[in-house]
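S.K.: how does the following fold in three dimensions:
(chains A and B)
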Amino acid sequence: MPESSDVDLVARAQGGDVNAIGALYDEHHESIFRYVWLRVGDRHLAEDLTGDVFMRMLNALPHYRALGLPFRAWLYRIAHNLLVDHYRRNSRRETVSLDAAEARAGDVDPVAFVERRLRVERVAVALSRLDVHQREVVALRFVAGLSLQETAQAMGRSEAAVKSLQHRGLEALRLALSEEEQVIA
Amino acid sequence: MTNEDLLQERLARLEAGEPLEACLDGFPVELAEALRSAGALRSIRFPSRPAERVAAQRASLVRVAQQQQAPVSRKRLTFPSSAPGKQLMNRLVSLPRPAGVTLAGAIVVALIAAALTLSVRQPAGSNVAQDRQAAPNALPATGSPAFTVYVPAVSSVLSAPDAHSAVIAEARGVVEVQSSDGAWAAIGMRQTLSAGQRVRTGDLSAATLLFYDGSRARLGPASEIAIDALDARLDGARVVRLAQSSGESRHDVKSASAAGSQYAVHTPNGAGVAKGTSFHVLVTSNRIARFNVDEGTIAVTHLNVTVNVMAGQSSTVYVDEPPTQPVFRISGEGRVTQIGDVWTIGGRDFLVNTTVGPDNSTTEIVGDPQIGDWVFVEGRILPDDSYFADRIALLHRADENRFAFTGEVDAIGDETWTISGRAVSVNDETDIEDGIALHDLVRVEGIVQSDGTLLAERIRLVETEDGLPFEFVGVVEIAGDETWTISGVEIAIGDHTEIKGDPQVGDVVKVEGHILADGTWLADEIRLVEEDERRFEFAGTVEQIDPWVVSGVHFDTSDRTEIDDGIQVGDRVRVEGRVLDDGLWLAEEIELLDDDQPRRFEFVGRVIEIDPWIVGGLDIAVNDATQIDVGIEIGATVRVSGVILSNGTLLAESITLVDDSLGCLDIAAVVVSFDGERLVLNTGQVIDLTDEIEVFGDLQKGSVVLVRLCVGEDGAIVVVRIIVIHTPPPPPPPPGDDDDDDRSGKVTVCHIPPGNPGARHTIQVDPTAVSSHLGHGDTLGPCGDGDGDEHDEDKHDKDD
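M.R.: Predicted structure coming up:
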């Protein structure tokens, strides 16, 4: 979603338009969910945390200023902080065991569903072996789809630093995947 | 170029949609695998979330948002006072929702100009202006919203199966369809509609209808629309006739040049026709219809009077009245510096009418903004070049001269409290939590008044109970009657302190207790422990970092210590770790506690003195670590943040300049002349283009532009951006000597005599007269050949 559209929605939301709150959720919940899922490894937990991200967004929105952090970067910063809190509350250990949810009844192709899930699981396991900053960059850039600039803004780092982390993170991810002899490409 | 740069360059191509293999071409082998990894990550397909869970989560979020808005909502619905905006809301919610559409009227929206292919980057304010039309409908008219159907938004590409169908391309919240038998039923994504069916949306809901030719109609919340006729064919005459009985709709109409093509929008008093443009229709509960045009030009006809509305303009149709003359819209955001019959927003004056005046003009004011607050405004430019505000909505409360800090209550008076040595005024409007007593720790928020005194708006107890808890294991060094020293920490012994196991000097004990507001570590229990219990945990205020000191306790950290990001001196943290054999404390985790707890402050105010600093009447201490923006002078507005020291001193960690601009406005206008460097608008404004002005689009005479003006606190107005939203087609040479006309500076317009649109004809007028001609419905450029056809179509539609 273009940042300009976010700006409009955020302005409306801050003005009291609850429709805009719903629209912000519609625009971002899927990518937030993917980002969170790959970090916590549990689908149902990721769904709950995704809801928590937007509740935090709702509470913090009155204080958000568009002139500072772009909204999307701001939202992912909220998600990141929430994950940090989650890890802290839960023995400070990141879990990588993805849920064993079965394909929902009615899925057109259960085999494809499981295949997709396994693929996600492999990546999640590989991501968990990265350095925390590399993992954050890789998740934001290639799972959440943030731009280099947005990623830098979300992490409070320079673009040069993110470029470096991105390079090393992708290298490390490739190694992690190959060590498990799990080719995702 | 470094490897990181090389990789980013290829990643950018990949993100732009270039195939992976193409991106890999010629790429260094050592980087190729990294690029492949990125491509693989991007290609992962995640199983989608169950729609019902998404919908439930969304509904929950919206419900909480509604509850947060509840006080405002109740005020609007009960109307206890004559506050601005409530009367309009009263009318909106008290009138019955029209049950259907009466086609006897004669509002006609007809396309005049062909659809524009110009890609326009709309400024944020402009979009907000259009979208905010929906806000009155954002609140439920009666009772709580009842969500019966939840349909997730889906962004995949859709198309209607045939010309006689429309597909639901977006459905949010409650979306229902009424069949010919009158029954309403939920409808979801990808379902199709045909002529004879009606669609309605609930509060907080929206739906988009996609037609076979690519045209779209988007319904906002609490809107209802019927499909009267549908044949959206790609070849031949495209016919789409809709009837909008309530709410708002936005229409993006594909161009259709075949004879007989029409895209009609009926309102309760009539119908409208278009061939290809982008416009917005708002029908209020009292049947007022407003037409805003984003692209192209439309004609609005009612009671046999036609006005032409072009991009950037608006026309309103009241019941039993002809359409108002089109006026250019103005929108933007800015600081309120005056309130009354005339509001000053962003340095510009806006006429405001909070009651329904003779001309039905009413200003809706949302959020009760006050002087100093930041608001959104949208309105119109009147014929006398004054501005009328249709809507003013609060965006941000002014944070200037606000303060907040945490401190101990020293004294409580009727008009003044003393908190941590500072006098704080209270009045009848101060929200004071029940049960606050002397020596309680409280958080106080309020306003720094012009005389420098503090006026509290809210005083809340800080939940410390017996103080912050601590526990640790250490060696008893001193065991006195009132104090012990355990591993170097002085521990107070109270009457309640339980001492178990008769520990002696040299014994290892576990001590638990609370750190009081004065910094005393008061023990609740001291007991002998086993060797494997050598752990500590406590919370306190960071006094020093690396080496760490928290609430007077020194401890070590290691590479394995987990330390929250962003911890600063003054923050409250919880420290957990173990006591080593040599008695050293090694932290395993340092956790930042809730932001509400630290004794920090932050406020915005004017600089009264520098070195020593006085900001907003408050003395501010600075030290070598204080970050101070360059260029701060007396009188500047700054944001000060820092910590409150134990003696009450406000120690600034940063003093930063605050943007003093009053806001920006987007004003629509017509370019009367342009010589490549200087722009003259129909408003009379002359703009010399400089490098500082961003220009989007092809500027030329006759262009309709959105001009963004930003106003500094000193009143200086700066043009920062010009966006061309409409460029007229090049006029054919007028009959006769057109070169002479150009040289004489005349402007070609299509003159439409009021009340007699059939007598339209091309004339040449002086640039200074363009505004008045456009004001009564003339259009720029010569009258095209198609005018007569369009008029015929209007007539045909009315016959329907």
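
S.K.: need the helix or strand of the chain with the lowest average pLDDT.
M.R.: Defaulting to chain A. Every helix and strand of chain A was ranked by mean pLDDT, DSSP states H and E. The lowest is helix A:110-128, at a mean of 62.

S.K.: my question was about chain B
M.R.: Here the helix or strand of chain B ranked lowest by mean pLDDT, DSSP H and E is helix B:86-94, holding a mean of 26.

S.K.: distance between stretch B:306-314 and the chain's centre?
M.R.: Stretch B:306-314 sits 27 Å away from the centroid of its parent chain (Cα atoms, centre = their mean, to the nearest Å).

S.K.: now do stretch A:20-38
M.R.: A distance of 9 Å separates the C-alpha centroid of stretch A:20-38 from that of its chain, computed with Cα atoms, centre = their mean.

S.K.: now do stretch B:478-492
M.R.: For stretch B:478-492, the distance to the chain centre is 56 Å (Cα atoms, centre = their mean).

S.K.: any idea how far apart the tips of that stretch sit?
M.R.: Stretch B:478-492 has an end-to-end distance of 12 Å (Cα to Cα, to the nearest Å).

S.K.: now do the buried residues in it.
M.R.: B:479, B:484-487, B:489, B:491 (16 or more other Cβ atoms under 10 Å in any protein chain shown). Any C-beta I mention is one placed from the backbone N, CA and C, and that applies to glycine too.

S.K.: and which of those residues is nearest to residue B:434?
M.R.: Closest approach to residue B:434 among the buried residues of stretch B:478-492 (Cβ to Cβ): residue B:491, at 34.1 Å.

S.K.: give me the three-state assignment for residue 26.
M.R.: With no chain named, the answer covers chain A. Of the three states, residue A:26 takes helix under DSSP: H, G, I helix; E, B strand; the rest coil.

S.K.: sorry, I should have been clearer: chain B.
M.R.: From three-state DSSP, the assignment for residue B:26 is coil.

S.K.: for burial, what's the neighbour tally of it?
M.R.: 7 (other Cβ atoms under 10 Å in any protein chain shown).

S.K.: all helices of the stretch 201-350 of chain B, in order?
M.R.: Counting by DSSP state H, counting those that start in this stretch, the stretch 201-350 of chain B forms no helices at all.

S.K.: tell me the pLDDT at the residue positioned nearest the centre of chain A?
M.R.: Centroid-nearest residue in chain A, with Cα atoms, centre = their mean: residue A:35, separated by 2.1 Å. You'll see residue A:35 listed with a pLDDT of 86.

S.K.: is it located within a helix, as I assumed?
M.R.: Yes - under three-state DSSP, residue A:35 falls within a helix.

S.K.: contact partners for the closest residue to it other than its chain neighbours?
M.R.: Excluding the flanking residues, the one nearest residue A:35 by Cβ to Cβ, 6 or more residues apart in numbering or on different chains is residue A:144, at 4.4 Å. Contacts for residue A:144 (Cβ atoms under 8 Å, 6 or more residues apart in numbering or on different chains) come out as A:31-32, A:34-35, A:76.

S.K.: closest to chain B among those?
M.R.: Lowest distance from chain B to the contacts of residue A:144 (Cβ to the nearest Cβ) belongs to residue A:34, with 5.2 Å.

S.K.: take the buried residues of stretch B:478-492 and keep only those in strands.
M.R.: Among the buried residues of stretch B:478-492, the ones falling in strands (DSSP state E) are B:479, B:484-486, B:489, B:491.

S.K.: export those residues to JSON lines and tack on distance to residue A:135 and pLDDT?
M.R.: Listed next are those as JSON lines, based on distance: Cβ to Cβ, whole Å; pLDDT from 0 to 100:
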{"residue": "B:479", "distance to residue A:135": "50", "pLDDT": "87"}
{"residue": "B:484", "distance to residue A:135": "46", "pLDDT": "90"}
{"residue": "B:485", "distance to residue A:135": "45", "pLDDT": "85"}
{"residue": "B:486", "distance to residue A:135": "41", "pLDDT": "81"}
{"residue": "B:489", "distance to residue A:135": "38", "pLDDT": "77"}
{"residue": "B:491", "distance to residue A:135": "42", "pLDDT": "88"}
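
S.K.: which of these are close to chain A?
M.R.: Filtering those for neighbours of chain A using Cβ under 8 Å from any Cβ of the partner chain leaves an empty set.

S.K.: what's the closest of the residues you listed to residue B:610?
M.R.: Nearest to residue B:610 among these is residue B:489, at 41.3 Å by Cβ to Cβ.

S.K.: now residue B:5, what's its secondary structure?
M.R.: Per three-state DSSP, residue B:5 ends up helix.

S.K.: quick one: pLDDT of it?
M.R.: The model reports residue B:5 with a pLDDT of 80.

S.K.: tell me which stretches of chain A form strands.
M.R.: Secondary structure of chain A (DSSP E): no strands present.

S.K.: same thing with the stretch 101-250 of chain B?
M.R.: B:108-111, B:166-172, B:175-178, B:184-186, B:192-193, B:198-201, B:206-211, B:216-219, B:224-231, B:239-252 (DSSP state E, counting those that start in this stretch).

S.K.: ok, the stretch 501-650 of chain B next?
M.R.: B:508-515, B:521-528, B:535-544, B:548-550, B:553-555, B:562-563, B:572-579, B:585-592, B:600-609, B:613-615, B:618-620, B:627-628, B:637-644, B:650-657.

S.K.: same list, those, but as TSV with mean neighbour count please.
M.R.: Shown next, in TSV, are these (neighbours: other Cβ atoms under 10 Å in any protein chain shown):
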stretch	mean neighbour count
strand B:508-515	22
strand B:521-528	19
strand B:535-544	19
strand B:548-550	21
strand B:553-555	18
strand B:562-563	16
strand B:572-579	21
strand B:585-592	20
strand B:600-609	19
strand B:613-615	22
strand B:618-620	19
strand B:627-628	14
strand B:637-644	20
strand B:650-657	19
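
S.K.: with distance to residue B:309 and mean pLDDT added, can I get these in JSON lines?
M.R.: Formatted as JSON lines, the strands of the stretch 501-650 of chain B follow (distance: least, Cβ to Cβ, whole Å; pLDDT from 0 to 100):
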{"stretch": "strand B:508-515", "distance to residue B:309": "69", "mean pLDDT": "79"}
{"stretch": "strand B:521-528", "distance to residue B:309": "74", "mean pLDDT": "84"}
{"stretch": "strand B:535-544", "distance to residue B:309": "62", "mean pLDDT": "78"}
{"stretch": "strand B:548-550", "distance to residue B:309": "67", "mean pLDDT": "84"}
{"stretch": "strand B:553-555", "distance to residue B:309": "72", "mean pLDDT": "81"}
{"stretch": "strand B:562-563", "distance to residue B:309": "61", "mean pLDDT": "83"}
{"stretch": "strand B:572-579", "distance to residue B:309": "59", "mean pLDDT": "80"}
{"stretch": "strand B:585-592", "distance to residue B:309": "56", "mean pLDDT": "84"}
{"stretch": "strand B:600-609", "distance to residue B:309": "43", "mean pLDDT": "74"}
{"stretch": "strand B:613-615", "distance to residue B:309": "50", "mean pLDDT": "84"}
{"stretch": "strand B:618-620", "distance to residue B:309": "54", "mean pLDDT": "81"}
{"stretch": "strand B:627-628", "distance to residue B:309": "53", "mean pLDDT": "81"}
{"stretch": "strand B:637-644", "distance to residue B:309": "42", "mean pLDDT": "78"}
{"stretch": "strand B:650-657", "distance to residue B:309": "43", "mean pLDDT": "82"}
